[in-house]
Each structure stands twice: as C-alpha cells, then as structure tokens.
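>>> Task: produce atomic coordinates for the following.
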Amino acid sequence: DLTPAEITAARESFKGAVYLDPSKTAGERARDLVERMTLDEKIAYLGGTGFVTDKVIGETQPLARLGIPKFKMTDATLGSKLTKDAILFPAFIGLAASFNSELSYAYGKAVAEQCKAGGYRILLGPGVNLYRVPNCGRNFEYLGEDPFLTSELTVPYIKGCQDAGVLATAKHLSANKSDYMRKSSNSVIDERTLHEIYFPPFVAAIEKADVKAVMTAYNLLNGEWAAESRWLVTDMLRNSWGFDGMVMTDWWSVYNTEKLITSGV
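Residues are numbered from 1 along each chain as shown. Predicted coordinates for the structure are as follows:
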C-alpha cells in the first residue's frame, strides 16, 4: 500500500483537482477521479488484491499515481472478522429472534466501529439471504426464513453501519440458499417467487437504507451465473430498484468477463 508520505507526494501533482476537494460532492469527486485515470488504471481497479488466508479478505488496488490508497474490506455479519481482538457478536439468526429494530441498528453501528478500528471501511455484509434449506451452512448468518422480518431488521443494521462511516454490502444477490455446491448450484425459481420471497430484503436495503454496495451470488439463477445476468443486475437491481452504488461479485464467481461487464456489475 501507499505510505502517508507517498500519498502526499502523489497528490502534490494534482493540487486543485476536484477529486481532492472535500467541499465537492462525492459524485463530483468520483467523476473527476475516473476522468483522470488511464485505461490500465481503470482495469486494475476493477479487480482486487490481497487474498491471503487468515490475513486479509480483499483490497482494491491502490492508485499510486493519483495518491489513492487501497480500500480494505472485511467480512461480515457477526463482527469484523479481520479486526484484531474484535468481539464476536451473537449470530444474526439470534438478532432475528429479537424482533428488535433498535438492537439491529446498535449491532450494525458496533460492527462498523470494529471495522474502523482495524482500518476497514467496507463491510462485506449484511447477508440477507433467506433460510430456505435447513442444512445451509450459513443459516446462522442470515435473518431467518421470513422476507418481511429480514427486511425490517436489515434496514436499521445497514443504517447503523453506514451512519458510523462504514460502507455496507447487501449480499448475496440472489437465491443463494445453500452452501453445498454453492459455486455450481442452479436456483430455478419463477419470477413471482423471486419478487415475493427472495428480492424484498435487497429492495428494502436499497430503497429504505440506501445501502452503498451489493454483492452478487456464486450460484446460477435460472441457468445463468448471477453476476452475468443482465436481467438481474441491470433490469432489476439498477433500473427497477434504482440502485446506483457499487456492485461486486462474490470473490471467485467470474467466469466470462464480457458477460460480467455487460450485465452491469
């Protein structure tokens, strides 16, 4: 990563640039930054780095020329996995059993404080998949089988996290209901069921909590990899639900780069 001295030195060349002006909006700063990036820098920034077992989950590439350090990410719902000596909170399924939105907000805020203590500004959570398969290995990490309850508790959790200054990520879009063969399973679900059961927590996260990131799932949805589905990412997520934030894949769920780009990820 870049040292503070390297960041300062690089930014000297861009004094007065909009992307370095805190008085400008985030959109204005982001657009200015992207316009200054070379094609190679843009391509490098699309992929992550730092996948070291037991050390880091993932990071963006630093933009050395522009003085932009890497952004560090950490899993997930039960606390910051990578923050040293961080407390492990009760399972998310326990939070669901509380039916307590105020507790959910406090939970999200506390996890965000853990993230910041470890230098992480992107939380790879909350997981808002539904408890549909009894032996799914991550059911403890979700908020149960009811889409309404999941939505009601997801919203304050995300607000608590983002109010504390950490970007939240709603995952895994969509119908990731089994961890067994999750990288090759095909969730075959009609459109009505998707809209009534699987989509509501994501819609609530976007429309009510203004979640800043969404992660696509490993599994196929009706025969198409979730991240490569233009219907899912552009037609539903972007156009129907109005999401204008960051869409990331689950880590190794990229199979066709062209389809991934044209899907809207």
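
>>> what about the helices in the stretch 151-265 of the chain?
Secondary structure of the stretch 151-265 of the chain, counting by DSSP state H, counting those that start in this stretch: helices at 191-193, 200-207, 230, 257-263.

>>> Most tightly packed of those?
helix 200-207 (a mean of 22; mean count of other CB atoms under 10 Å). In short, each C-beta sits where N, CA and C put it, glycine included.

>>> can you tell which of the helices of the stretch 151-265 of the chain is closest to residue 144?
Nearest to residue 144, of all the helices of the stretch 151-265 of the chain, is helix 200-207, at 10.6 Å by CB to CB.

>>> List the residues that contact the closest residue in space to residue 11 that isn't next to it in sequence.
Leaving aside its sequence neighbours, residue 11 sits nearest to residue 67 (CB to CB, 6 or more residues apart in numbering; 3.9 Å). Each residue near residue 67 by CB atoms under 8 Å, 6 or more residues apart in numbering is listed here: 2, 6-11, 14, 20.

>>> show me what contacts residue 239?
By CB under 8 Å, 6+ apart, residue 239 has no neighbours at all.

>>> Would you enumerate the residues in contact with the residue positioned nearest the centre of the chain?
Centroid-nearest residue in the chain: residue 169, 2.6 Å away (criterion: CA atoms, centre = their mean). Contact analysis of residue 169 by CB under 8 Å, 6+ apart lists 122-126, 211-215, 248.

>>> Check residue 56 and give its pLDDT.
The per-residue pLDDT reported for residue 56 equals 69.

>>> er, residue 120 I mean
92.

>>> Give me the distance between the nearest residue to it once chain neighbours are set aside and residue 36.
Distance criterion CB to CB, 6+ apart; nearest residue to residue 120, sequence neighbours excluded, is residue 74 at 4.1 Å. According to CB to CB, to the nearest Å, residue 74 stands 29 Å off from residue 36.

>>> Just the strands from the stretch 51-200 of the chain, written as ranges.
Along the stretch 51-200 of the chain, counting by DSSP state E, counting those that start in this stretch, strands occupy 58-60, 72-74, 122-123, 167-173, 186-187.

>>> Nearest to residue 240, out of these?
Relative to residue 240, the nearest member of the strands of the stretch 51-200 of the chain by CB to CB is strand 167-173, separated by 12.7 Å.

>>> So which bits of that closest one are buried?
Applying a neighbour-count criterion of 16 or more other CB atoms under 10 Å, one finds 167-173 buried in strand 167-173.

>>> any idea how far it is from the chain center?
4 Å (CA atoms, centre = their mean, to the nearest Å).

>>> and that strand with helix 200-207, angle?
Relative orientation of strand 167-173 and helix 200-207, computed by axes from the mean of the first three to the mean of the last three CA atoms, to 10 degrees: 150 degrees.
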